[in-house]
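Chemist: Quick one: sequence plus predicted model below, questions after.
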Amino acid sequence: MKPAALNKLDPADRAILNIIQTRFPLVSRPYAAVAAEVGLGEAEVLTRVAALKAAGIIRRIGGIFASDKLGFSSTLVALKVAAEKIEAVALAVSAYPGVTHNYERAHEFNLWFTLVSRTEAELEQILNEIMCLDGVLKLRNLPALKLFKIGVNFDLTEEEPCC
């Protein structure tokens, strides 16, 4: 069964999303290149992308970099947060510029996020600050030992999967 938001996407929106999530054109006018591929004008593609962003279907458009190869430190963090404080803690955590993902889980450790910082010392400083937030009960720093996967792409074609 498809989520309700996907039912509202027309074939042009689906084609645009498939292109920009998997092979965003690295040219001076990327939306003109997308437009040419899907048979629309550049302005129409820009309008559709803005509408998809406003609807929350697109969260962000940007590069994904190997932070370790750029000399940065990163980690996955699990927090145990008092239930009545989870929203406030999530907002405080999300305010840190290096937080790339932040989500609630049905688990003893109920708030998880990824954090990237310039140095290991800065990362530790931020984790110490977060540990002191009102409502944080426990913190687990879970740095990656080996990277297995980085991206997820959603096939938004209208055909139902065969299996």
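Modeler: The structure has been received and is ready for your questions.
Chemist: Pop the domain breakdown of the chain in here.
Modeler: Following automatic domain parsing, one gets these domains for the chain: 4-54, 67-142.
Chemist: Those: which one's closest to Asp155?
Modeler: domain 4-54 (7.0 Å; C-beta to C-beta). Glycine gets a C-beta too; all of them are placed from N, C-alpha and C.
Chemist: which one of the domains of the chain has the lowest average pLDDT?
Modeler: Mean pLDDT is lowest for domain 4-54 among those, at a mean of 91.
Chemist: which residues of this protein fall in strands?
Modeler: 73-81, 99-104, 111-117, 136-142 (DSSP state E).
Chemist: The chain: helices as residue ranges?
Modeler: 4-7, 11-22, 30-38, 42-54, 86-94, 120-131 (DSSP state H).
Chemist: how much does the fifth one deviate in direction from strand 73-81?
Modeler: So the one you mean is helix 86-94. With axes from the mean of the first three to the mean of the last three C-alpha atoms, to 10 degrees applied, the angle from helix 86-94 to strand 73-81 works out at 170 degrees.
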